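In: Coordinates for the following, if possible.
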Amino acid sequence: DNVFLMDDPEASLTAAMLASDLLISDASGVIFQYLILDRPIVLLSNPDKAQDASHFEADSPEWSWRDVASDIRQISSLANAVSEALINPNDKRDRRQFYANLMFGNLTDGNAAQLIAQKITGLGN
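Out: Here you go, the predicted structure:
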């Protein structure tokens with residue numbers, strides 16, 4: 001109940017993210033889109049991730065910014081991690097805001113399209 005699985009890589013995630021209280025992910029870039037909402041994140045880390053060099057780059061944000069969320073390595077810990085994140089949604093908030101600021105700066109007010117249009121219009125002058 002109350003879980004929506006997005007398993008289509010072509011699907012738009014916007015509506016689901018806006019309707020959600022929490023994101024559960026692995027090493028997907030959707031983690032960073034979700035930062036704008038400043039809601040809890042639970043990450044599942046494959047303990048054997050380093051064995052698959054085609055999907056693991058230790059220095060990439062997907063792996064080096066794991067402190068943005070509750071990062072679990074055992075599926076048996078998932079239910080507890082979700083419960084804890086829902087009970088304490090402000091846990092990790094400082095890290096979420098830190099990374100959101102790194103990625104988006106002050107462009108999280110919903111006016112990015114207008115700002116881009118202004119900048120493009122200004123190029124012609």
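In: Pull up the gap between residue 81 and residue 21, please.
Out: Residue 81 sits 14 Å away from residue 21, going by C-beta to C-beta, to the nearest Å. No exception for glycine: its C-beta is placed from N, CA and C like everyone else's.
In: where exactly do the strands run in this protein?
Out: 23-25, 41-44, 70-72 (DSSP state E).
In: picking that back up, residue 81 and residue 21: which has the busier surroundings?
Out: residue 81 (20 against 12; other C-beta atoms under 10 Å).
In: The more buried one and residue 74, how far apart?
Out: Residue 81 is 10 Å from residue 74, by C-beta to C-beta.
In: cool, residue 22 as well?
Out: To residue 74, residue 22 is 18 Å away according to C-beta to C-beta.
In: cool, and residue 83?
Out: Taking C-beta to C-beta, one finds residue 83 at 15 Å from residue 74.
In: hmm, back to that, most neighbours per residue, which of the strands of the chain?
Out: strand 41-44 (a mean of 21; mean count of other C-beta atoms under 10 Å).
In: wait, isn't residue 23 in contact with residue 35?
Out: No: if you go by C-beta atoms under 8 Å, residue 23 and residue 35 don't touch, sitting 9.6 Å apart.
In: Centre of the chain to the least confident helix or strand in the chain by mean pLDDT, how far?
Out: In the chain, the helix or strand scored least confidently by mean pLDDT, DSSP states H and E is helix 61-64, which has a mean of 76. The chain centroid and the centroid of helix 61-64 are separated by 11 Å, computed with C-alpha atoms, centre = their mean, to the nearest Å.
In: Just the buried positions in it, please.
Out: Within helix 61-64, the residues scored as buried using 16 or more other C-beta atoms under 10 Å are 61-63.
In: Return the residues in contact with the spatially most central residue of the chain.
Out: With distances taken as C-alpha atoms, centre = their mean, residue 31 lies nearest the centre of the chain, 1.7 Å away. Shown in contact with residue 31 (C-beta atoms under 8 Å, 6 or more residues apart in numbering): 23, 25, 41, 43, 62, 68-69.
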